[in-house]
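*Asks:* sequence unavailable; structure follows:
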């Protein structure tokens with residue numbers, strides 16, 4: 001009988017333990033928050049009133065530090081000579097309307113030809129607009145010797 005009393009006592013203790021309320025597990029808390037660090041970066045800005053044109057034909061305006069007046073004039077002269085040869089006219093009949101420094105997105109100078117692979121490198125150059133009579137012609141150049149008429 002003693003064994004049965006011990007057995008009943010153990011079962012009662014187990015039953016009471018199972019029915020009793022157990023302390024709730026502590027809820028996780030969020031780590032202490034810190035104020036975000038604000039970093040200010042001085043970005044170059046375009047002077048007020050100066051439009052910043054959207055990319056056209058894969059070209060981005062060249063930074064002013066890359067503008068070289070002598071190179072721009074030399075490339076403009078090459079474009080004039082090339083157009084004069086194509087039209088079989090005197091170079092004197094070809095006038096430069098404008099020459100814009102440009103960074104081309106690849107070596108195609110913004111005038112890719114089907115089936116041709118080009119180096120994927122930023123290529124500085126110029127977008128040169130020429131006029132003969134009332135007709136405008138646009139040439140794309142690098143800064144060395146490549147001058148192509150872009151007929152897009």
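*Replies:* It's in. Here the structure is a predicted model, which is why all the values come from computation and not from measurement. Numbers count the residues shown, from 1 in each chain.
*Asks:* all strands of this structure, in order?
*Replies:* Under the criterion DSSP state E, strands of the chain are mapped to 59-61, 95-104, 123-132, 135-141, 147-149.
*Asks:* so what does the fourth one touch, helix or strand wise?
*Replies:* Packed against strand 135-141 by the contact rule (3 or more Cβ pairs under 8 Å, 6 or more residues apart in numbering; DSSP states H and E) you find helix 69-87, strand 95-104, strand 123-132, strand 147-149. No exception for glycine: its C-beta is placed from N, CA and C like everyone else's.
*Asks:* deepest of those, which one?
*Replies:* strand 123-132 (a mean of 21; mean count of other Cβ atoms under 10 Å).
*Asks:* ok, and what's touching that strand?
*Replies:* With contacts defined as Cβ atoms under 8 Å, 6 or more residues apart in numbering, strand 123-132 is touched by 59, 62, 66, 72, 75-76, 79-80, 83, 87, 89, 93-107, 109-110, 136-143, 146-147.
*Asks:* parallel or antiparallel, list what pairs with it.
*Replies:* strand 95-104 (antiparallel), strand 135-141 (antiparallel) (DSSP bridges).
*Asks:* the last one vs helix 69-87, what angle?
*Replies:* If you take axes from the mean of the first three to the mean of the last three Cα atoms, to 10 degrees, strand 135-141 sits at 130 degrees to helix 69-87.
*Asks:* let's have the helices and strands packed on strand 135-141 in TSV, adding mean pLDDT and distance to residue 115.
*Replies:* Putting the helices and strands packed on strand 135-141 into TSV (pLDDT from 0 to 100; distance: least, Cβ to Cβ, whole Å) gives the following:
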stretch	mean pLDDT	distance to residue 115
helix 69-87	93	23
strand 95-104	93	19
strand 123-132	94	20
strand 147-149	93	16
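*Asks:* now these in TSV, with distance to residue 114?
*Replies:* Output for these, formatted as TSV (distance: least, Cβ to Cβ, whole Å):
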stretch	distance to residue 114
helix 69-87	21
strand 95-104	18
strand 123-132	19
strand 147-149	15
